[in-house]
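Engineer: I'd like to go over a predicted model; first the sequence, then the structure.
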2 protein chains.
Amino acid sequence: MSLKKYVGIDFGGTSIKGGIVDENGTLIVKNSVLTEVDKGQVQMIDNIVTLIEKLLEESSLKMDDIASVGMGIPGVVDSKLGQVVLACNLRWEKVNVATELEKIIGKKVFVSNDANVAALGEVKFGAGGGRENAVMLTLGTGVGSGIIANGKLLEGHKGAGAELGHAVMVMNGEECTCGRRGCIEAYVSASALIRDTKRAMNANPDSKLWQGVNSIGDVDAKLSFDYCEVDETAKTLVDNYIKYLGDALASVGNIFRPEVIILGGGVSYQENRLTDPLQEYIDNTVFAGKLLDQIIVTTAKLKNDAGIYGAAALCMLG
Amino acid sequence: MSLKKYVGIDFGGTSIKGGIVDENGTLIVKNSVLTEVDKGQVQMIDNIVTLIEKLLEESSLKMDDIASVGMGIPGVVDSKLGQVVLACNLRWEKVNVATELEKIIGKKVFVSNDANVAALGEVKFGAGGGRENAVMLTLGTGVGSGIIANGKLLEGHKGAGAELGHAVMVMNGEECTCGRRGCIEAYVSASALIRDTKRAMNANPDSKLWQGVNSIGDVDAKLSFDYCEVDETAKTLVDNYIKYLGDALASVGNIFRPEVIILGGGVSYQENRLTDPLQEYIDNTVFAGKLLDQIIVTTAKLKNDAGIYGAAALCMLG
């Protein structure tokens, strides 16, 4: 008997990426189309259908060969209803996208939030090694998160949960985009590291960090890591960043007690320079850390395909 | 056909409480025996059996009338294995208590951590109204927590999760019993409020709070609430406590997006004096708070019986 096959769709504000994945986690084919937010909801759903048709054609498969379709969407998604509650980038509010798509393609459609879905893909087919309890944090412009508990996505009521980046770790601390102060995102996002790097450079005009940029506007999240072995200001920046991230991860460890914490996003490209000190910090800090199983800290493996794999995994969870 | 009946056991360090609960959540009978930690593991398990026999006798039921037995245990409990991984108060380590008990009584036995189980009882049969997504925080000597996500307990790997009290909310803040600094427990437990009340009284010798005690050693978590309408020091204490608790609950809201947050423990007896300002704080603070369903803040209803109801509910989840 042939393996079950699923279509996984990673629905973004600019492009819609998709692939066909079999139940063993093999990505058979992938492709993408433009989202065309400006053309409205009906056209966007048409574009999804076009993408699915392309994928079928390129893999010489028919719609009948597909068990179901999964999709990650950037916004608040009620997976039970199959409804996008709110997706600012798509300008969608209360869109029953699963039902709409099911009507057209005649297949069951599963939906969830894109960060949740990417985390699920990474846990099931990437760095998570299929573990039942795992948390992924994406360290980018913001801090996205996905939580897998007992092998299932933790989504919260109507899909509005799993916003770990908006838990406060420094009360009355730095301003966060969400309106609160001191959120995890305001300390460990790439944006936060860039903010802190700029501040430190302005306060230390002799720092070697200045050699890495033409102007302060060029500072990125990589700069402090690039100079941390040759410059004291850079070293302090990296040490502080790891202390904040370590403390956030230790809290995540105490709340969820995952088997693995996976870091994604730009900052995660630092690999062991990031994970080695974090692993040590967590081993020493988490509740009963030495008595119970270690919480492994690692980095994402599937990169840009995590959303496709995760959307297919969403189908497998059913 | 008669309703299914379950034995619920709330296993404490001093006494073992138990009851028989039917599938509608009616507590048919309850009783308790001493735990007798000093007499060792075999005697403690015997005492559980004695309690079950008492419950059957008092309700004129037979073991055959019982569908299964649930039990909440103070420690790290691996519910899949039915094993107590670590329970300091019982001096247990890696005890396969479910199997041991099953051998004696011939019924399936479900186990989990006592705080998780009490939360489950409160969510299923008390203040939670049976909702699928709920968090309970017990504000006592420490801060216990129980998390229900998608109708199931979130326990973490080998039952070591759901320690919300040990997430950091004030980095480098007050010392916590867990060895970290700034944990939620170190700010919103009854012990933290007592600590802060004593500090404020020592700093304000003219405060009316002194009228409520014979000596500083008598300060309890109720004192500041009792005087907050007539004394500025007490008012500041209560306002600060609510600000910390509100910020912790807003983070809990963002992480789990529960439909309801239930407060238990001594401080929760303040009822609306506590929940009214907290509700306002959360409505204004939580992510997309005005756009999505309100997260209701309320207090526990089942008090001392929550553990019994929850242990029975554990059986119903299977």
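Structural biologist: Alright, I've got the coordinates.
Engineer: Give the next helix or strand downstream of the longest helix anywhere in chain A.
Structural biologist: Longest helix in chain A, counting residues (DSSP state H): helix A:232-256. Downstream of helix A:232-256, the first helix or strand assigned by DSSP states H and E is strand A:260-264.
Engineer: before we move on, back to that, got the angle for the longest helix of chain A vs strand A:260-264?
Structural biologist: 140 degrees (axes from the mean of the first three to the mean of the last three CA atoms, to 10 degrees).
Engineer: Can you tell me which helices and strands helix A:232-256 packs against?
Structural biologist: strand A:134-139, helix A:185-188, helix A:190-203, helix A:223-227, strand A:260-264, helix A:272-285 (3 or more CB pairs under 8 Å, 6 or more residues apart in numbering or on different chains; DSSP states H and E). All C-beta atoms are positioned from the backbone trio N, CA, C, and that covers glycine.
Engineer: any idea whether the residue lying farthest from the centre of chain A is helix, strand or coil?
Structural biologist: Relative to the centre of chain A, and counting by CA atoms, centre = their mean, the farthest-placed residue is A:Asp206 at 36.7 Å. Classification of A:Asp206 using DSSP: H, G, I helix; E, B strand; the rest coil returns coil.
Engineer: before we move on, the earlier item: figure out which of the helices and strands packed on helix A:232-256 is closest to A:Asp305.
Structural biologist: Of all the helices and strands packed on helix A:232-256, it is strand A:260-264 that lies closest to A:Asp305, at 12.0 Å by CB to CB.
Engineer: contacts for the closest one?
Structural biologist: Here strand A:260-264 makes contact (CB atoms under 8 Å, 6 or more residues apart in numbering or on different chains) with A:118-119, A:122-123, A:126-129, A:131, A:134-140, A:144, A:249, A:252-253, A:274-275, A:282, A:295-300, A:306.
Engineer: Got a ChimeraX select line for the buried ones in those?
Structural biologist: Listed next is the ChimeraX selection for buried residues among these, using 16 or more other CB atoms under 10 Å in any protein chain shown:
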select /A:118,119,122,123,126,127,128,131,134,135,136,137,138,139,140,144,249,252,253,274,275,282,295,296,297,298,299,300,306
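Engineer: For the stretch 1-150 of chain A, which residues are neighbours of chain B?
Structural biologist: A:76, A:85-86, A:132-133, A:149-150 (CB under 8 Å from any CB of the partner chain).
Engineer: Let's see which of those end up in helices.
Structural biologist: Short answer: the residues of the stretch 1-150 of chain A next to chain B have none in helices (DSSP H).
Engineer: Name only those of the residues you listed that count as buried.
Structural biologist: A:76, A:85-86, A:133, A:149-150.
Engineer: quick one, domains of chain A?
Structural biologist: A:5-124+A:305-317, A:131-301 (automatic domain parsing).
Engineer: Include mean pLDDT and distance to B:Cys315 when you put those domains into CSV, please.
Structural biologist: Listed next are the domains of chain A as CSV, based on pLDDT from 0 to 100; distance: least, CB to CB, whole Å:
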stretch, mean pLDDT, distance to B:Cys315
domain A:5-124+A:305-317, 96, 25
domain A:131-301, 95, 18
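Engineer: Can you lay out these as CSV showing distance to B:Lys103?
Structural biologist: Listed next are the domains of chain A as CSV, based on distance: least, CB to CB, whole Å:
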stretch, distance to B:Lys103
domain A:5-124+A:305-317, 35
domain A:131-301, 27
